[in-house]
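> Just a sequence and a predicted model for now, questions to come.
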Amino acid sequence: MDSNSCPPDPKETAEAFVMNRMDPSEKSVYEEHIAHCQACAMVVEETREFVQAIRDASSELGDEGHEKPK
């Protein structure tokens, strides 16, 4: 991927970016891309929100998948 074109699978790329699974050079190119591409920047934001929602829901559950007592 270069900084001027969208990746073939924007959701997969956004997930790799949000989850820190890109190598530093790939991350740098993608950061440059999303600084100029509103569509990909929106996918990154949606992915961040989704990941955070999963983390929040997970933290509300106990070790056995039940809600923690309040």
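Looks like it came in fine.
> how distant is the longest helix belonging to the chain from the center of its chain?
In the chain, assigned by DSSP state H, the helix with the most residues is helix 38-60. Its chain's average C-alpha position is 6 Å from that of helix 38-60, according to Cα atoms, centre = their mean, to the nearest Å.
> Give the burial count for Arg21, as a bare number.
Arg21 has 10 neighbouring residues, counting by other Cβ atoms under 10 Å. C-betas here are computed from N, CA, C, even on glycine.
> For the longest helix of the chain, which residues meet the burial criterion?
Of all the residues in helix 38-60, those buried under the rule 16 or more other Cβ atoms under 10 Å are Cys40, Val43, Val44, Thr47.
> Which strands or helices does it pack on?
Using 3 or more Cβ pairs under 8 Å, 6 or more residues apart in numbering; DSSP states H and E as the contact criterion, the elements in contact with helix 38-60 are helix 10-18, helix 24-36.
> Could you list the alpha-carbon positions for that helix in CSV?
These are the backbone C-alpha positions of helix 38-60, laid out as CSV (Å, rounded to 0.1, in the frame of the first residue of the first chain):
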residue,chain,number,x,y,z
GLN,A,38,-11.7,10.7,5.2
ALA,A,39,-13.2,7.3,4.2
CYS,A,40,-10.4,5.3,5.7
ALA,A,41,-10.1,7.6,8.7
MET,A,42,-13.8,6.9,9.4
VAL,A,43,-13.2,3.1,9.2
VAL,A,44,-10.4,3.5,11.7
GLU,A,45,-12.6,5.5,14.1
GLU,A,46,-15.4,2.9,13.8
THR,A,47,-12.9,0.2,14.4
ARG,A,48,-11.6,2.0,17.5
GLU,A,49,-15.1,2.4,18.8
PHE,A,50,-15.9,-1.3,18.2
VAL,A,51,-12.7,-2.5,20.0
GLN,A,52,-13.4,-0.2,22.9
ALA,A,53,-17.0,-1.4,23.2
ILE,A,54,-15.7,-5.0,23.3
ARG,A,55,-13.1,-4.1,26.0
ASP,A,56,-15.8,-2.3,28.0
ALA,A,57,-18.2,-5.2,27.8
SER,A,58,-15.4,-7.6,28.7
SER,A,59,-14.4,-5.7,31.7
GLU,A,60,-18.0,-5.8,33.0
